[in-house]
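Engineer: Sequence and predicted structure below; questions after.
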Amino acid sequence: MLLKMIPEMNKVSVFMRDRRHVETIIKNMQRAGTSTLQVISDFDMTLTRFAHNGVHCPTTHNVLHSSTLISEECKTKMRDLFAHYYPIEINSSMSEEEKIPHMVEWWTQAHDLLIQQRIRKDQLAQAVRNSGAMLREGYKRFFDVLHQNSVPLLIFSAGVGDILEEVIAGHDIFHPNVRVFSNYMDYDEEGVACAFKGEMIHSFNKREGALQNTQQFIHDRTNVLLLGDTPGDLNMADGVQNLHNILRIGFLNDKVDERMKQYISSYDIVLVKDETLDIPNAILNYITARK
Ligand SMILES: Nc1ccn([C@@H]2O[C@H](COP(=O)(O)O)[C@@H](O)[C@H]2O)c(=O)n1
């Protein structure tokens, strides 16, 4: 039945633990209508591509590597940090508790490095526009359909919010239904980045952030489509009160064999090495179609 409803689910990249459950949730969401729906999504490697032509795509922390806003020394240090800490972030034999101190170290060092670069706010948009930031194929349809149907899209990212906003603004998809919750830089009176604001968000404290910021969630929207790429993204909807239906879609981009077991047992739909938004788009198409 699911394949009849949404033929795209036949794609080879799609894996499900319980296809009947997925079918039920999607049908419930379709019946309840778009006025009850909100989408909560991670950004880096979820809405953006993981790789293109075999090369890793930059995350918001690394987008400025193609610009002159940061020094060569800083780029090398940021790359070294990524090479050291990313394998820890995705290590399937370590618990989240074991990973957290490493993630705090990573974010602290990376933010310090970025702040040392004295990045100017007025140069950021151009630098991001000239960068290699790549959204997943189908991004325009995804953002536009949500906008056309007045469905809120909450982006919950441990990346750099200022850069994230420039990426989506540069692609003409920063519609009024989009809200971003992320790490933002603070600027001095000359418009130079001088600190990061508030509490740091890293890959594994999004749940705490979500609970502390429940005003971010639209509480009369009790159906949630959640998109993520790490186990830390699974709880991003924990601040939603009176949740009726949630469908969690996880992008499994890397180290597939090692991590499949964990992803299939926690995400309702796992998309393996799928650089597109075809499946979220097909599900939204079904839910938003006027019957
Ligand atoms: N210095 C850093 C720190 C983190 N990352 C990666 O960015 C991702 C965070 O953003 P989300 O939108 O996915 O929450 C995170 O998963 C890290 O892999 C980085 O590249 N550099």
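Structural biologist: Yep, it's here.
Engineer: where along this protein do the helices fall?
Structural biologist: Here the chain has its helices, by DSSP state H, at 2-5, 19-32, 72-89, 96-116, 121-129, 139-148, 161-170, 206-212, 256-266, 278-288.
Engineer: what's the average pLDDT for the shortest one?
Structural biologist: What it means is helix 2-5. Average pLDDT, helix 2-5: 87.
Engineer: so what does the helix or strand of the chain with the lowest mean pLDDT touch, helix or strand wise?
Structural biologist: Lowest mean confidence among the helices and strands of the chain (mean pLDDT, DSSP states H and E): helix 206-212, at a mean of 81. Secondary-structure packing of helix 206-212 (3 or more C-beta pairs under 8 Å, 6 or more residues apart in numbering; DSSP states H and E): strand 153-160. All C-beta atoms are positioned from the backbone trio N, CA, C, and that covers glycine.
Engineer: Please see if the strand it packs on touches the ligand.
Structural biologist: Yes - against the ligand, strand 153-160 shows contacts by C-beta under 6 Å from any ligand atom at 157, 158, 159.
Engineer: Dump these to JSON lines, plus pLDDT and neighbour count.
Structural biologist: Formatted as JSON lines, these follow (pLDDT from 0 to 100; neighbours: other C-beta atoms under 10 Å):
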{"residue": "157", "pLDDT": "96", "neighbour count": "25"}
{"residue": "158", "pLDDT": "97", "neighbour count": "27"}
{"residue": "159", "pLDDT": "97", "neighbour count": "23"}
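Engineer: May I see those arranged in CSV, with distance to residue 137 as well?
Structural biologist: What follows is those, written out as CSV (distance: C-beta to C-beta, whole Å):
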residue, distance to residue 137
157, 20
158, 23
159, 20
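Engineer: Grab the nearest non-local neighbour of residue 221.
Structural biologist: What sits nearest to residue 221 in space, not counting adjacent residues and going by C-beta to C-beta, 6 or more residues apart in numbering, is residue 38, at 4.0 Å.
Engineer: Those residues of the stretch 1-150 of the chain touching the ligand, which are they?
Structural biologist: Within the stretch 1-150 of the chain, the residues that sit near the ligand (C-beta under 6 Å from any ligand atom) are 42-45, 59, 61-62, 81-82, 86, 89, 106-107, 110.
Engineer: For the residue lying closest to residue 45 once chain neighbours are set aside, the count of nearby residues, please.
Structural biologist: Among residues not flanking residue 45 along the chain, residue 229 sits closest, at 4.6 Å (C-beta to C-beta, 6+ apart). Using other C-beta atoms under 10 Å, residue 229 has 26 neighbouring residues.
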